[in-house]
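Student: only geometry, no sequence info:
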Ligand code: NAP
Ligand code: GDD
C-alpha cells in the first residue's frame, strides 16, 4: 500500500486530496496545526474522519522537530505540501507569518526528506499568484512566463517554488511544483471572494442579509473546481520525472461576471452589491488565465467541471445549509 502525508489536510484542497487518495488505495497521514477550537478543526474531513483518525498528527510547518519526527517515522511515498497562510490580502497584514509558513515551511520539509527519507516524492502547492501582473502576448500565463509577484504571499510562494527546483537539481529529490490557478468549492473559506459571493447572495435571498460588500469587481481570475485540481496533484507526483506544471482551465472571468451569474440565478437585484476600500489590496493582481497544455500533454489531465457547474454547486451548498 502506497503512503501519502498531507500538510494542510483539513484545508479545502487537503480534504479533497485525502478523499481522492483514499479512493485510489493510499494510506493517508495528515498534519494538523494546533487550534484551540479542536472540535471545529476537522469539519472538512468529517466524512472520512474514522478512516484517518489514527493517522492525524499535530505538527507545524514552522516547527522543524515536529516535521522531522513524522517524516523520519512515516517515510511516506508521497508528501503533499498544502499547508500555508493562503489568503493574499491577509498576507499584507501578516507578512512574516505568511513567509514563515510558506518559505521556511517548504525548506523544513525538503530538509527532512533530504536527511531522513530521500525516496519520498514531494509536491509543492505553488500558485498563479507568483506571476503577479506578467501576461504573455496571447493573454495567458504559462510555466515560462516571468514571475514578478505583487503580494507577500506571492513572494513567499515564489521563494518556495525556487527552493523546490534547487533541491531537485542539487540533491536529486523528486520534487515538483504544481502552479495552480484559483480553484474553489463549497469548502472554500468564506473570506475568499467566490464563496463570499455565493454565501452572501443566498443569505440575501433568504432575508438574512441586506447587501454584499466587495472590493475590486474588475479583477479577473481563472477559476476551476478544487476536486479537479487535486486529481492533477496526484498525476504530477506519478509522472515519470519531477517537473513544474501549470494547472488551470484556460478561461478567465471577472469578479463582476461571477456576481452577475449568481445574482441572476437567484433573481436578486444587482443594487444589493456595494464596494468598500476595506477589501481593496495595496497592490492588486489584475488578471489570470492559465495555459495548462504542458500538464495535459504529460499526464492527460483536463478539468471536468465548468465554471457555471462549480458556482451552481456552491450555491446549492449554501441553500441547503442556510435553510437548515
Ligand atoms: P486553505 O483552505 O487555506 O488550507 C490551508 C491549510 O494549511 C489548512 O489546513 C491550515 O490549517 C494549514 N496551515 C496553515 N498554517 C499552517 C502551519 N503553520 N503549519 C501547518 N499547517 C498549516 O488553502 P487551500 O485553498 O486548501 O490551498 C492549499 C494550498 O494550495 C495552499 O498552500 C495554498 O496557498 C495553495 N494554493 C491554493 C490555491 C487555491 O485557489 N485554492 C491556488 C494555488 C495555490 P488550519 O485550517 O488549521 O489553519
Ligand atoms: N477575498 C476577497 N474578498 N477578494 C475580493 C473581494 C472581497 O471582498 N472583492 C474583490 N475581491 C477580488 C480580490 O481583490 C482578487 O482580485 C479576487 O477577488 C480574488 O480574491 P480571492 O478570492 O481572495 O483569491 P486570490 O486570487 O487573491 O488568491 C487565491 O488564489 C491564489 C491563486 O491565484 C488564494 O486561494 C491563494 O491561496 C491562491 O494561491
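Tutor: Cool, got the structure. Note that the coordinates shown come from a computational prediction; the quantities given were computed from them, not determined experimentally. Ligands and ions are numbered 1, 2, ... in the order given.

Student: how close does residue 199 get to ligand 2?
Tutor: 12 Å (C-beta to the nearest ligand atom, to the nearest Å). C-beta: built from backbone N, CA, C; applies to glycine.

Student: quick check: closest non-adjacent residue to that residue.
Tutor: Once flanking residues are discounted, residue 199 sits nearest to residue 318: 4.9 Å by C-beta to C-beta, 6 or more residues apart in numbering.

Student: ok but that neighbour is inside a helix, no?
Tutor: Yes: counting by DSSP: H, G, I helix; E, B strand; the rest coil, one finds residue 318 located in a helix.

Student: show me the contacts for it.
Tutor: For residue 318, the residues meeting the contact criterion (C-beta atoms under 8 Å, 6 or more residues apart in numbering) are 186, 198, 199, 201, 202, 203.

Student: near ligand 1, which residues of this protein?
Tutor: 7-8, 10-14, 31, 33, 35, 41, 60-62, 82-86, 101, 125, 127, 180, 182-183, 189 (C-beta under 6 Å from any ligand atom).

Student: cross those residues against strands and list the overlap.
Tutor: Judged by DSSP state E, the residues of the chain next to ligand 1 include 7, 31, 125, 127, 180, 183 as members of strands.

Student: now, the most widely separated pair of these?
Tutor: 31 and 183 (21.0 Å; C-beta to C-beta).

Student: on that earlier part again, how far away is the residue nearest to residue 199 from residue 288?
Tutor: Between residue 318 and residue 288 the distance is 25 Å, computed by C-beta to C-beta, to the nearest Å.

Student: can you check residue 155 too?
Tutor: 17 Å.

Student: for ligand 1, what's the nearest residue on the protein?
Tutor: Nearest to ligand 1, among the residues of the chain, is residue 11, at 2.2 Å (C-beta to the nearest ligand atom).

Student: count of residues packed around that residue?
Tutor: Using other C-beta atoms under 10 Å, residue 11 has 23 neighbouring residues.

Student: mind listing the strands in the protein by residue range?
Tutor: Assigned by DSSP E, the strands in the chain fall at 3-7, 27-32, 56-58, 78-81, 121-127, 175-180, 183-184, 212-214, 220-221, 224-225, 244-247, 253-254, 273-275.

Student: in a markdown table: those strands, plus mean neighbour count.
Tutor: Shown next, in a markdown table, are the strands of the chain (neighbours: other C-beta atoms under 10 Å):
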| stretch | mean neighbour count |
| --- | --- |
| strand 3-7 | 25 |
| strand 27-32 | 23 |
| strand 56-58 | 16 |
| strand 78-81 | 26 |
| strand 121-127 | 25 |
| strand 175-180 | 25 |
| strand 183-184 | 26 |
| strand 212-214 | 19 |
| strand 220-221 | 20 |
| strand 224-225 | 25 |
| strand 244-247 | 25 |
| strand 253-254 | 16 |
| strand 273-275 | 15 |
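
Student: now render these as TSV, adding mean pLDDT.
Tutor: Shown next, in TSV, are the strands of the chain (pLDDT from 0 to 100):
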stretch	mean pLDDT
strand 3-7	98
strand 27-32	98
strand 56-58	97
strand 78-81	98
strand 121-127	99
strand 175-180	99
strand 183-184	98
strand 212-214	98
strand 220-221	98
strand 224-225	98
strand 244-247	99
strand 253-254	98
strand 273-275	98
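
Student: how about JSON lines for these, with distance to residue 143 added?
Tutor: Below are those laid out as JSON lines (distance: least, C-beta to C-beta, whole Å):
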{"stretch": "strand 3-7", "distance to residue 143": "24"}
{"stretch": "strand 27-32", "distance to residue 143": "28"}
{"stretch": "strand 56-58", "distance to residue 143": "34"}
{"stretch": "strand 78-81", "distance to residue 143": "19"}
{"stretch": "strand 121-127", "distance to residue 143": "10"}
{"stretch": "strand 175-180", "distance to residue 143": "7"}
{"stretch": "strand 183-184", "distance to residue 143": "18"}
{"stretch": "strand 212-214", "distance to residue 143": "32"}
{"stretch": "strand 220-221", "distance to residue 143": "19"}
{"stretch": "strand 224-225", "distance to residue 143": "17"}
{"stretch": "strand 244-247", "distance to residue 143": "6"}
{"stretch": "strand 253-254", "distance to residue 143": "23"}
{"stretch": "strand 273-275", "distance to residue 143": "35"}
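
Student: right, and those - which one's nearest residue 140?
Tutor: That would be, of the strands of the chain and by C-beta to C-beta, strand 244-247, which comes in at 8.9 Å.
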